[in-house]
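In: with the sequence up front, the predicted model follows.
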Amino acid sequence: MSADQLVYDMASAPSETPSVFVKKDYFSVLDDQNGQYSGNQSVLQLSSLANSNRYMDYKGSYMTIPLVLSMTTDAGSNDFLPATNNDNFSMGLKNWFGHVIHSVQVDFNNSTAQQLTSFQSIWNCFRLHTTLSFDDVKTQGSSIGYYPDTATSWGYDADVLGLSNNNNKPLANSALGNKQAIGNEGLFKRQQSIAYDPTIATEVDAGNGDAFSTMFSATNANNMYRSHVFRKVDGTAGGVVGTLQIAITAKIMSKHISDFLGKLPLVKGAFVKLTLNLNQPSATLTHDGTKITAQSVNSPLGGVCPFMVAGSVKGYGPVIADADNLIVSLGVGRNPPTSANHPASSVQAAPLATSVEFHAPAYTFAPIFENAYLSSPIKRFKYEDFYNYNIINQTGGSRITELLTNGVADQTRVLVCPFLNSTSNDGTSAFQSCVSTDGATTSPIQLNEFNILLSGANVLQQNYRYTYEMFLEQLKSTGAVNGGCVDGITSGMIDQLAFENIYAYHVVDTSRMLDVERAVPKSVQLLANLQCPSTLSVDLYTFIAYNNDFAVDVLTGARV
């Protein structure tokens with residue numbers, strides 16, 4: 001019967017609909033840094049949008065952030081040969097371009113709408129995991145640098161690098177014991193989006209064909225700001241340093257880094273300012289001639305390391321001589337960060353954009369629709385912000401009873417993300433490692449006897465003891481279309497298998513309360529047992545989400 005109703009509705013629908021907008025343009029604004037990001041910050045002042053006399057759609061806006069991903073040896077040697085070996089897939093990025101943003105502050109008409117909170121990329125990536133669908137990944141994934149990591153391809157070696165998930169050969173494994181999978185397909189897919197190389201030969205039936213450059217050259221890629229490999233130099237002993245560089249145009253949707261921008265209605269005359277703190281880390285990797293054996297990561301803001309280096313044995317990673325070191329870095333703008341200390345003259349400036357740029361749709365209403373829109377010019381909405389609190393260096397198997405905050409009003413949910421402490425991860429925090437996916441995922445650590453207390457009262461009727469309870473009763477419905485209750489239409493990228501591996505996001509809905517209670521700040525306490533051996537030390541990064549009320553006059557942009 002539902003199909004019959006659909007056929008009737010389609011037959012009865014008008015052949016055309018009136019135009020709500022008579023004009024739509026995209027306006028763009030460069031940031032204030034003039035291409036210099038050594039201070040790890042970008043400030044976007046969008047006053048020109050406020051003065052345009054157009055209705056701006058901030059929820060449909062996005063940023064382009066130029067990135068340069070560089071890999072060199074630490075000195076001239078004849079073992080790192082990226083041009084000869086075509087090492088384009090030896091490095092890539094963690095899931096979602098947004099990890100380059102450590103924190104963001106949003107100011108609206110000179111008052112703070114969203115505060116600077118560290119580790120925002122961990123929270124925002126969780127939101128993507130629980131709201132995107134596989135169709136979204138298919139159509140948008142390559143634009144925003146998103147493709148989920150294979151949950152079962154992680155490995156752990158307490159003595160060498162700790163956690164890793166950097167095998168980018170997506171192959172099933174049936175021969176080597178109890179391994180569930182070999183190959184992180186997500187890393188490989190994300191590398192495909194950035195590692196276009198015009199110099200490589202195409203494939204034809206008789207063998208290698210002409211180079212990709214015969215159809216789309218490096219010059220064409222530069223003109224179109226397409227991400228691509230722009231520098232490959234073979235090293236020579238005592239002379240030229242082996243170098244591989246990829247220029248990337250990262251696109252980040254505003255709604256993915258700020259729920260305020262995602263909820264802000266069409267508005268005229270509003271002055272919006274964004275302050276971005278940027279992750280620009282570098283890593284020095286020790287190689288034994290076969291594999292990477294150690295890493296030292298320099299992350300100025302202490303945030304998530306956005307890049308990954310592929311394994312050399314099980315992946316398409318670089319192979320260099322014993323005792324030689326690799327230096328890998330990610331820079332915003334055209335140049336690698338100076339803290340990376342790449343050898344002199346080994347790296348070059350990327351050929352793409354120089355500055356962070358904000359792009360926003362600008363609309364002109366048809367008069368009749370503008371009158372209808374302005375019949376109630378004061379638009380009130382709620383948006384989600386969050387508070388971060390971290391519980392550091394907890395021993396596996398221990399009981400955690402921790403007060404996360406003394407009081408937060410109008411809470412919506414509490415998220416707990418477990419990561420291996422650096423003491424259990426070969427000296428590097430798991431989310432700062434460039435061989436693991438942590439930050440875009442969690443470490444494979446589970447919590448049980450789990451509960452959240454609001455002002456001393458249990459949110460859950462009884463402590464959660466099993467993984468299926470947490471997944472089916474909390475995580476499955478978080479962010480999902482129809483709350484995950486209706487088969488045939490839902491969203492979210494995390495299933496129970498993923499949750500029981502490296503997507504161990506422990507989340508509890510804390511929004512269910514009487515309306516009169518919402519304005520009352522409530523303390524939040526975490527109860528949990530760490531279900532991992534006592535030989536491990538774990539950090540718990542917690543996020544408490546809450547609603548803010550906001551009202552704006554959409555005609556003048558004034559906050560009400």
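Out: Now that the structure is in, tell me what you want to look at. The shown structure was predicted, so the numbers you read here are calculated from the model rather than taken from an experiment.
In: any weak-confidence spans in the stretch 151-300 of the chain?
Out: 171-181 (pLDDT under 70).
In: all helices of the stretch 251-400 of the chain, in order?
Out: Taking DSSP state H, counting those that start in this stretch, the helices of the stretch 251-400 of the chain run over residues 254-257, 259-263, 367-373.
In: which residues does the shortest one contact?
Out: It refers to helix 254-257. Here helix 254-257 makes contact (C-beta atoms under 8 Å, 6 or more residues apart in numbering) with 58-63, 96, 98, 101, 104, 120, 124, 127-128, 144, 261-262, 358. (C-beta placed from N, C-alpha, C; glycine too.)
In: 7 Å instead?
Out: Contacts to helix 254-257, defined as C-beta atoms under 7 Å, 6 or more residues apart in numbering, come from residues Y58, K59, S61, Y62, M63, G98, I101, V104, N124, L128, L261, G262.
In: give me every residue that touches the third one.
Out: Right, S61. Contact analysis of S61 by C-beta under 7 Å, 6+ apart lists S254, L261, F358, H359, A360, P361.
In: number of residues surrounding the fifth one?
Out: A360 has 24 neighbouring residues, counting by other C-beta atoms under 10 Å.
In: give me the pLDDT for it.
Out: The score at A360 is 98. That number is its pLDDT.
In: can you tell me which residue is nearest the centre of this protein?
Out: The centroid of the chain falls nearest to W96 when counting by C-alpha atoms, centre = their mean (3.4 Å).
In: check what pLDDT that residue gets.
Out: At W96, pLDDT is 98.
In: for M1, same thing?
Out: The predicted local confidence for M1 is 57.
In: gap between N448 and E500?
Out: Using C-beta to C-beta, to the nearest Å, one gets 12 Å for the distance from N448 to E500.
In: for K476, that is, sorry about that
Out: Distance from K476 to E500, by C-beta to C-beta: 13 Å.
In: more neighbours: which of these two?
Out: The residue with more neighbours, out of K476 and E500, is K476; 20 against 17, by other C-beta under 10 Å.
In: so for the more buried one, what's the pLDDT?
Out: 91.
In: residues contacting it?
Out: Here K476 is in contact with G484 (C-beta under 7 Å, 6+ apart).
In: can we see that at 10 Å?
Out: T130, M470, G483, G484, C485, T490, G492, I494, D495, Q496, F499 (C-beta atoms under 10 Å, 6 or more residues apart in numbering).
In: nearest spatial neighbour of L132, chain-adjacent residues omitted?
Out: Nearest non-adjacent residue to L132, counting by C-beta to C-beta, 6 or more residues apart in numbering: M493, 5.9 Å away.
In: and the one you found, how many neighbours?
Out: 21.
In: A strand includes it, no?
Out: No: going by DSSP: H, G, I helix; E, B strand; the rest coil, the assignment for M493 is coil, not a strand.
In: what's the spacing between it and L187?
Out: For M493, the distance to L187 - C-beta to C-beta - is 15 Å.
In: what of D549?
Out: Taken as C-beta to C-beta, the span from D549 to L187 is 41 Å.
In: for the chain, what helix or strand is lowest in average pLDDT?
Out: Lowest by mean pLDDT, DSSP states H and E among the helices and strands of the chain is helix 2-12, with a mean of 83.
In: quick check: buried residues in that one?
Out: By neighbour count on 16 or more other C-beta atoms under 10 Å, the buried set for helix 2-12 is empty.
In: what's the next secondary structure element after it?
Out: strand 21-30 (DSSP states H and E).
In: which positions within that following strand qualify as buried?
Out: For strand 21-30, burial by neighbour count (16+ other C-beta under 10 Å) applies to F21, F27, V29, L30.
In: then stretch 418-438?
Out: Residues of stretch 418-438 classed as buried by neighbour count (16+ other C-beta under 10 Å): 418-422, 424-426, 428-438.
In: same thing with stretch 100-120?
Out: Neighbour-count burial for stretch 100-120, with 16+ other C-beta under 10 Å as criterion, is recorded at 100-109, 113-114, 117, 119-120.
In: all helices of the stretch 1-150 of the chain, in order?
Out: If DSSP H, counting those that start in this stretch is used as the criterion, the helices of the stretch 1-150 of the chain fall at 2-12, 47-50, 82-85, 120-131, 134-144.
In: what's the most buried one of those?
Out: helix 120-131 (a mean of 22; mean count of other C-beta atoms under 10 Å).
In: got the buried residues for stretch 68-83?
Out: Quick answer for stretch 68-83 (16+ other C-beta under 10 Å): 68-74, 76-82.
In: CA atoms of that stretch as PDB?
Out: Taking Å, rounded to 0.1, in the frame of the first residue of the first chain, the C-alpha atoms of stretch 68-83 are listed here in PDB:
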ATOM      1  CA  VAL A  68      52.000  19.400   2.200                       C
ATOM      2  CA  LEU A  69      52.900  15.900   3.300                       C
ATOM      3  CA  SER A  70      56.600  15.300   3.100                       C
ATOM      4  CA  MET A  71      58.900  12.300   3.600                       C
ATOM      5  CA  THR A  72      62.700  12.400   3.500                       C
ATOM      6  CA  THR A  73      65.700  10.600   4.900                       C
ATOM      7  CA  ASP A  74      67.800  12.400   7.400                       C
ATOM      8  CA  ALA A  75      70.800  12.600   5.100                       C
ATOM      9  CA  GLY A  76      71.900  11.700   1.600                       C
ATOM     10  CA  SER A  77      71.900   8.000   1.000                       C
ATOM     11  CA  ASN A  78      71.200   5.700  -2.000                       C
ATOM     12  CA  ASP A  79      68.500   3.500  -0.300                       C
ATOM     13  CA  PHE A  80      65.400   5.700  -0.300                       C
ATOM     14  CA  LEU A  81      64.300   5.700  -3.900                       C
ATOM     15  CA  PRO A  82      60.800   7.000  -4.200                       C
ATOM     16  CA  ALA A  83      61.000   7.800  -7.900                       C
END
